[in-house]
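S.K.: next one to model:
(2 chains)
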Number of protein chains: 2
Amino acid sequence: MAPRTKILSLLLLLNFYVAAAQFFINYAATDSCQRPTEYYNFANLRCDTCTGADSQTSTGGDVGGWLGMCVVWHRDIAGPGYWQVYPLSCWADCRCVRCHQSFIDVSGSCTCPDPNQVHGGICFTDAQIGVSQNLDFTWDSDTKLSYYIEEYLLAASLGCTPATGATDAQRNLTACQLLGNLCVLRLYNRQNDGTNQEDGCTLLQALSDDNNDNVGTVQDWKVAMPWLYYNHLLNDVSEILSDTEITTKFTFTAASQSSKLDLVVAAYSLNGDFLGIQDVTGGLLQLCKDSNTRLDAAYVFGTTYSQRCQLNVQDFWNNTAYQQMVFYDMCILHQYYRYPDDSTLYAIPVRITNVAYSDTDNSGSDRTKWQLVRRFFLVDPIGAKLAADGDPQVVRYASSFSISVQLQSGNREGEIYPPLVTITYSEASLDDFNANAKVTVTFSVSYEMSTATYEQDVQIAIGVLSALAILWALFVSTSSWRRRIGAQMVDCTSLLKFIVYMFGPLGNAFFLVAMGAALSWLLFFKRQDQVYLLLPTPAQEETFIIYLSVACALKCLEMLHFLFTQMTIDIFFIDWERPRGKTADVEGGNGKSQSVSMWRTYFVANEWNEIQTTRKSNTVFQLFAVLLFMNVVGFENLTTTDPRAYLVINSEQYVGGYSKLLRFGMMSTVYLVVAIVQWLFFTFFYERFVEDKLGQFVDLCSMANVSVFIMANTHFGYYIHGRSVHGQADTGIQEMYEMLVREEENRCGQRGLLANTDNQTFEMSLPHKLRDQYDSIIKPLQQQAAAARGQNRQRAGGGNTTSAGVDINQQVDAYKKLNKYLAAFIDRSRPDIDYIVKDKMFLERLLDMEFLEATDTKGHFYNDDGHSFDAVLFYGNELVLLTFELVVFSVVDLIGQSYVLDAVITYLVSRFVSNLRDSGGRKNLAKKTLVDERFLI
Amino acid sequence: MAPRTKILSLLLLLNFYVAAAQFFINYAATDSCQRPTEYYNFANLRCDTCTGADSQTSTGGDVGGWLGMCVVWHRDIAGPGYWQVYPLSCWADCRCVRCHQSFIDVSGSCTCPDPNQVHGGICFTDAQIGVSQNLDFTWDSDTKLSYYIEEYLLAASLGCTPATGATDAQRNLTACQLLGNLCVLRLYNRQNDGTNQEDGCTLLQALSDDNNDNVGTVQDWKVAMPWLYYNHLLNDVSEILSDTEITTKFTFTAASQSSKLDLVVAAYSLNGDFLGIQDVTGGLLQLCKDSNTRLDAAYVFGTTYSQRCQLNVQDFWNNTAYQQMVFYDMCILHQYYRYPDDSTLYAIPVRITNVAYSDTDNSGSDRTKWQLVRRFFLVDPIGAKLAADGDPQVVRYASSFSISVQLQSGNREGEIYPPLVTITYSEASLDDFNANAKVTVTFSVSYEMSTATYEQDVQIAIGVLSALAILWALFVSTSSWRRRIGAQMVDCTSLLKFIVYMFGPLGNAFFLVAMGAALSWLLFFKRQDQVYLLLPTPAQEETFIIYLSVACALKCLEMLHFLFTQMTIDIFFIDWERPRGKTADVEGGNGKSQSVSMWRTYFVANEWNEIQTTRKSNTVFQLFAVLLFMNVVGFENLTTTDPRAYLVINSEQYVGGYSKLLRFGMMSTVYLVVAIVQWLFFTFFYERFVEDKLGQFVDLCSMANVSVFIMANTHFGYYIHGRSVHGQADTGIQEMYEMLVREEENRCGQRGLLANTDNQTFEMSLPHKLRDQYDSIIKPLQQQAAAARGQNRQRAGGGNTTSAGVDINQQVDAYKKLNKYLAAFIDRSRPDIDYIVKDKMFLERLLDMEFLEATDTKGHFYNDDGHSFDAVLFYGNELVLLTFELVVFSVVDLIGQSYVLDAVITYLVSRFVSNLRDSGGRKNLAKKTLVDERFLI
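M.R.: Below is the predicted model:
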């Protein structure tokens, strides 16, 4: 920054602080000028005292001298309190028309004889007309001549110039307003084509510059003149917009006055007459018509309001409502806390995006190039008229009108910065008129607050939770996994596994933070009294959307890893049944060693296959319940952008759109609550009193005399002890009945692995030698199968091989060997390997980890709660599945904003995951247990 | 009917036909009176020719004689073309006030000296005031004196009376209108308290009776006077409302003028000034404000429109919009087909429900007591004023305003009877004002047509289909059932069964008819061009609701019967495995006969248990798909009561409520289409390429060497032949592998029941002896079980009995006996019973019936398509389940009108049915097959 600019900035800063309170307008009501020597100065919205000649005439008295004219005492239309004598000419149709002083000056009557000329109702002398050579009568930069500007520019300019010797205040108020309006008609665009021609804007600016009498502290507002430009802050728009002088504390309490954005406008007709200070309610500024309730909702504080409709272009030409142009200066009504009756106005700046001249460009986002202004109109059907009674060639209309309100940051709850009005004008041409075109106009009110502190909080939360997640993944998940696979060194696999283990916790962290933010917004936004929290704008919502998307991506990766892990476990069914000796063949012949029937194993495998995707919660019920609460009960209606919080929406009222953030907050809460209720129901009622699938499976194992040996990791797994207490299970109907009865009546031993215990299920930390042995039996088969898959591409079927292409005898041998080996291990009949049964410590349980490592020859069996093996099924991983579905639901809602769509997609995804697990699990089961897939139905 | 009344009716009838076209008004536009001698007679909406003195003054000329007054040529405000000379007194404030002729008559100037008196701006002479002794100035029957009526009644009455010698037409038009308005202020209630006092109504009636000059053919409308009452049809309201003279053919084509209900009103101010003929669009008659698009939707033909809002009572007092009372005479713009430019008006009658005097009572439904009228207002804040500048004590407002349109029946497509406006006025008192009360006002437009012919059609359809359903139930279902149970006589059970069999087809018939009606309405209502079909009114919809409810009740009964039937079938698993001789016990000991292992039977029973509730369609997918189409895609938006048919609703537009009929039509169509797509997908893709549960089950039976013998009825059932082609199945892993490979390579026999066939599944018509034998084995067990259930209440457990309380040995004996007996039957190794395998004839298949009856000793096995046994599962009864769910969905929608709710309830019902079937089926299976429930998991 150059030194010169620095000093300039410093000066500006000083200037700013001095001028901080400058935008307040100490206005007076039009009927408050009660003293006989007062009149209402509508240019400055205050009561002024009559000075000099004015006060003289106001006394009335002699009205002679106006020969040939109808003369009456006439009350000035601008308001009571100020009386003037006007000459009147009474026409044949009895409309009394007042003629202008200039006529009387020139001719002494209501005529304007040659060479004097009438323009804008004023009789100009020859000398005055000479000035007009220098005037610019164009309506826009395309040099369209405007009848109205041509007619009135000179008159307005002369009327607004004080007579020689008069004070700065002694101007024709109406003429000054008219001159200002002629500038606004051109959309503030000052002539700069080098011809030195003067338009309304430059004329008014010159008159303002000559006027040294400011209104209050506003340097841009000169007494008796309109305030159009924000000039004296040299365009430092940011400081205008960050003024903190508005101390109204806005609330959401519907009954309170401060729950409304109390906007008013000083309205002027095109010719400069003052139309009063008007409330903006009732659709004053809204081109789209609607019921008053819905129109006025725009000004309920905190309501993100958006209105859009199509208008017939022809109405701009034909509808009388548009023909009377009105110009507005907008202010916000400001109440002091200490003196609530003593209200004042605060000027609201307007940014017209069409303003563009020399260095000024309001269309972009570069605030240093903005030119803020005060006055605006809605529809201009007059500026582009070529003749008094002609049709306008073009009609300019406010196609987009938006008010943006920014809440102050810090602890100034409920206080706002100055609102900014942004208007974009569009033009409808005669072609549009002839084509009977329709144009879209929008009106919106948006609220914004700096979410910097919230974002910081969120980022801290993300940081902390992510760190915890990473630590968990590193020191618990990965470490536990490394112990279970018996890893000695930190290698590439460990690193990869560590990354993979991060997905889940990290995804949960992101999701939790997003949900926490959304939930707090939901709770605090709708329930606040003094407003301190506004909904984030779409741009601000992006952070939240990113977090949720990241959570979704991470959870999807976690799900892939989860499915892969579950679909690749090692499992084997140990059949304890001993062959019942040699058969004396009934057909008569040589006895042979009878093999043990496979059907019990098939049965158990079939059941295992079925419980693979059994869930603790019913996804369909979950989705339907969420839909029911959101759509039918109407929780959805609590997620609108307006501050109202009702389950039932009244069709009379304006309803804001849905907020993505609030939708997510509401939906995820309902989703989790339903999930918790389902879990409670399932755990404390269904599983106990209706059906316990896992218990049934364990029972079945016992009945079938089959144990399940599961290796989830290389040296870690789960064991279901299914050895029959009756010694054998492969029996006929009578024996089966007898066994059932015997067990019902406790006339046999207990089912536990250890004598006199009931505990049938264990976690196992396996001796390393067992794994080596297992691999040495299984590996050759798998290699053979892999090789066969390669060959199968050339030739199909044939040979004494299984469908996987492995030689049957080899497979049967392997099966028998494995069965014998594992049975011996469980039976403790092998000298080389052994195990100890013990309880897990609390911390071990908590971290899902074993502190004692198994050795080469010695393993540990840990007693469990009866269903630890559900860790390799869906059953024990409900949280992973549920959160995954919730994240999918949430992300689909971000895109589609329809709970039905969310539910459908989530259902399909859930079904897909479940089917994938089902078929993958079946294939794995067939491969590992050597049970043909045809029995897994 | 008394003879006298008869004659009267006849006369009225004649009168009616003569006067048929009387309600047309050949109106002229206000600017159409172009000839210099014409003036606009706004009382009769036509151009009249100036007569006598009128035409004299209209030539202008000498205006002398009006001394002391300002005199100008003045254009009459009623319209161009008629000029009059008025005296003017010019006041100091330059408002020129015209003084009434009566002043000039009395005083020759604008004064009214004593004893003359000014009332309503007219100077009355002493004689004239004498009449006023007899006048009633009350505003309503509670004798509230009204300032306005008191001020103007006499003036209006005198003004409306033609001067002596003047024609009937020579009256003060404005005065007559005012007199009429004073009658309307009293809500037409004629004074009848016996005091002989005259109010506006009686005065106007008397003047009308004296006036012999009708306007056109309207006998109630006298020239130069307003038309208030429909009198001359002697209140035969039905004939007024069934007039067929409106020949406009209304359409739903949005672009066409005839798609609008083209209502106009002749508007009059309270003092009788004519305000022009105004279009009702733009919310002229709607007290609730809204956007023009939504307001004007009220007049789109066929749109059932309903608007409701709350108004602040204080507005009636304060809001200037209500202070100018306007009176309306409503007409419909009528275009002749042949001369579209030559439009005319048709008067629309108004029924004000508050009208009640002597025999007249508009509030009830008795049309003979109705008094139809012409003129109405919306808000009356003037009538109850006690003084000119006082506040009204009570404000009367139209709290309910409805227009009902009835479509003509027969082949007059798109033509309507005269619309009827029904208004109910309510009153807001000063108390309400002080309490700042809110009042609800409604505005509605409803359309109606006689649905008599449609109802007749529907009834015929119901009749025919019901007859067919009953015939089917009698001659097919019941008859087939009787053959299958081998019934000989028609007994009570047969009758009961016949009734039960009627439920389903009858329910289907009702549902089909309801759906057909709804669907045709949906198709034709939204797509019609010339309007011939309107939505039924809620009352007319009742028939449809009844049909649907009946269908639902019948389908529920059918479902109960269906479940009961499925849960009580007889089933037995035949084990073909032979014991493998005596075991040489490995433990060393005496050999014993080895029993056949039960595990294969358990496996098969378990699988059977699982396929019991397998469905061909996925209910959840079905429901979600329907939700998706209705809610997300937006088919729901096609079911609104307006004629628009767009999937996406524009929020700018008025959206009618949902029509129950259309909702049902749309929803059931989508439901069925989705179901058909699911069925196609399942049958042609899923079952063939993914998974065929029934085929897998049959395969399993073959592998397990177990046949399934199902008796659905006493002598009818299904058989799955599961005899292993390998002779034995209870083998070890190696043999199993070998068998699988052998079969894959076709190295063994075929699985069919007959040699060299593949057919494993059959329908069976059983020899009666077999059933007797079966019963003799099973019955004792069941009796014992029933007895044990009684005993169990006293003692629990103990003894060598099963959980059902049956002695084990007896049960095992029964099982073995049955197995042997049935195996022998299938094997044809019993001499006493036998069967023939044959194909079913086409007609037999179609009717699900056997023409040949089984004899005592001989049965028939019918080859089937591989899954005939699905008839005793959900699998083969998809249609029953699907239609049941559809009916539930539909009926819930009638109540809740929310597809989400429908889906949730349907899902719960479907789950309940499925769970019921599941647990009931399991219990039945355990009971009949002697497989313990613990193996059915």
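S.K.: now do stretch A:597-610: distance to the chain's middle.
M.R.: Relative to its chain's centre, stretch A:597-610 lies at 52 Å (C-alpha atoms, centre = their mean, to the nearest Å).
S.K.: contacts for that stretch next, please.
M.R.: A:571, A:573, A:575, A:577, A:697, A:700-701, A:704-706, A:708, A:722, A:729-730, A:921-922, A:925, A:929, A:931, A:935-937, B:597, B:599-600, B:602-603, B:606-607, B:610, B:704, B:729-733, B:736, B:937 (C-beta atoms under 8 Å, 6 or more residues apart in numbering or on different chains). Where C-beta positions appear, they are placed from N, C-alpha and C, glycine not excepted.
S.K.: run a quick neighbour tally on the nearest residue to A:Q170 once chain neighbours are set aside.
M.R.: Using C-beta to C-beta, 6 or more residues apart in numbering or on different chains and skipping the chain neighbours, the partner closest in space to A:Q170 is A:P162 (5.1 Å). Residues near A:P162, counting by other C-beta atoms under 10 Å in any protein chain shown, number 16.
S.K.: any idea how far A:P162 is from A:N759?
M.R.: 106 Å (C-beta to C-beta, to the nearest Å).
S.K.: over to A:D199?
M.R.: Per C-beta to C-beta, A:D199 is found 97 Å from A:N759.
S.K.: with neighbour numbers in mind, choose between those two.
M.R.: More crowded of A:D199 and A:N759, by other C-beta under 10 Å: A:D199, with 23 against 18.
S.K.: ramachandran coordinates for the more buried one?
M.R.: As for A:D199, its main-chain torsions (degrees, to the nearest 10) stand at phi -110, psi -180.
S.K.: next up, the contacts around it.
M.R.: A:D199 makes contact with A:L135, A:D136, A:T138, A:I149, A:L153, A:L182, A:C183, A:R186, A:R190, A:Q191, according to C-beta under 8 Å, 6+ apart.
S.K.: contacting residues for the first one?
M.R.: Yep, that's A:L135 we're talking about. Neighbouring residues of A:L135 by C-beta under 8 Å, 6+ apart: A:L153, A:L154, A:S157, A:Q197, A:E198, A:D199.
S.K.: nearest to B:V632, of the residues you listed?
M.R.: Distance to B:V632 across these (C-beta to C-beta) is lowest for A:D199, with 55.6 Å.
S.K.: measure that closest one to chain B for me?
M.R.: Distance, A:D199 to chain B, by C-beta to the nearest C-beta, to the nearest Å: 38 Å.
S.K.: please apply the same query to A:E245.
M.R.: Distance of A:E245 to chain B, given as C-beta to the nearest C-beta: 35 Å.
S.K.: what's the first helix or strand after the longest helix seen in chain A?
M.R.: In chain A, assigned by DSSP state H, the helix with the most residues is helix A:492-527. Sequence-wise, the next helix or strand downstream of helix A:492-527 (DSSP states H and E) is helix A:538-566.
S.K.: now do that following helix: which elements does it pack against?
M.R.: Counting contacts by 3 or more C-beta pairs under 8 Å, 6 or more residues apart in numbering or on different chains; DSSP states H and E, helix A:538-566 is packed against helix A:452-471, helix A:492-527, helix A:660-681, helix A:878-896, helix A:899-929.
S.K.: relative to A:F301, which of those is closest?
M.R.: Closest approach to A:F301 among the helices and strands packed on helix A:538-566 is made by helix A:492-527 (12.4 Å; C-beta to C-beta).
S.K.: okay, angle between the closest one and helix A:452-471 too, please.
M.R.: Between helix A:492-527 and helix A:452-471, the angle comes out at 150 degrees (axes from the mean of the first three to the mean of the last three C-alpha atoms, to 10 degrees).
S.K.: can you list the buried residues in helix A:492-527?
M.R.: For helix A:492-527, the neighbour count (16 or more other C-beta atoms under 10 Å in any protein chain shown) marks A:494, A:497-498, A:500-519, A:521-522, A:525-526 as buried.
S.K.: equivalent analysis for stretch A:639-647, please.
M.R.: So stretch A:639-647, judged by 16+ other C-beta under 10 Å, has buried residues A:T639, A:T640, A:T641, A:D642, A:P643, A:R644.
S.K.: same question, stretch A:913-927
M.R.: Buried, per 16+ other C-beta under 10 Å, within stretch A:913-927: A:V913, A:S914, A:R917, A:D918, A:G920, A:G921, A:R922, A:N924, A:L925, A:A926, A:K927.
S.K.: keep those, but drop any that are not near chain B.
M.R.: Of the residues in the buried residues of stretch A:913-927, proximity to chain B by C-beta under 8 Å from any C-beta of the partner chain holds for none.
S.K.: now render those as JSON lines, adding distance to A:G657.
M.R.: Formatted as JSON lines, those follow (distance: C-beta to C-beta, whole Å):
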{"residue": "A:V913", "distance to A:G657": "33"}
{"residue": "A:S914", "distance to A:G657": "35"}
{"residue": "A:R917", "distance to A:G657": "39"}
{"residue": "A:D918", "distance to A:G657": "41"}
{"residue": "A:G920", "distance to A:G657": "43"}
{"residue": "A:G921", "distance to A:G657": "45"}
{"residue": "A:R922", "distance to A:G657": "47"}
{"residue": "A:N924", "distance to A:G657": "48"}
{"residue": "A:L925", "distance to A:G657": "51"}
{"residue": "A:A926", "distance to A:G657": "53"}
{"residue": "A:K927", "distance to A:G657": "53"}
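S.K.: quick one, domains of chain A?
M.R.: Chain A breaks down by the TED database into domains covering A:101-210, A:237-448, A:455-578+A:596-692+A:875-935, A:724-759, A:761-784+A:809-865.
S.K.: least confident of these, on average?
M.R.: Sorting those by mean pLDDT places domain A:101-210 lowest, at a mean of 78.
S.K.: gap between that domain and the chain center?
M.R.: On the basis of C-alpha atoms, centre = their mean, domain A:101-210 sits 52 Å off its chain's mean C-alpha point.
S.K.: just stretch A:893-909 next, same as before
M.R.: Per C-alpha atoms, centre = their mean, the displacement of stretch A:893-909 from the mean C-alpha position of its chain is 17 Å.
S.K.: now it: buried residues?
M.R.: For stretch A:893-909, the neighbour count (16+ other C-beta under 10 Å) marks A:893-894, A:898-907, A:909 as buried.
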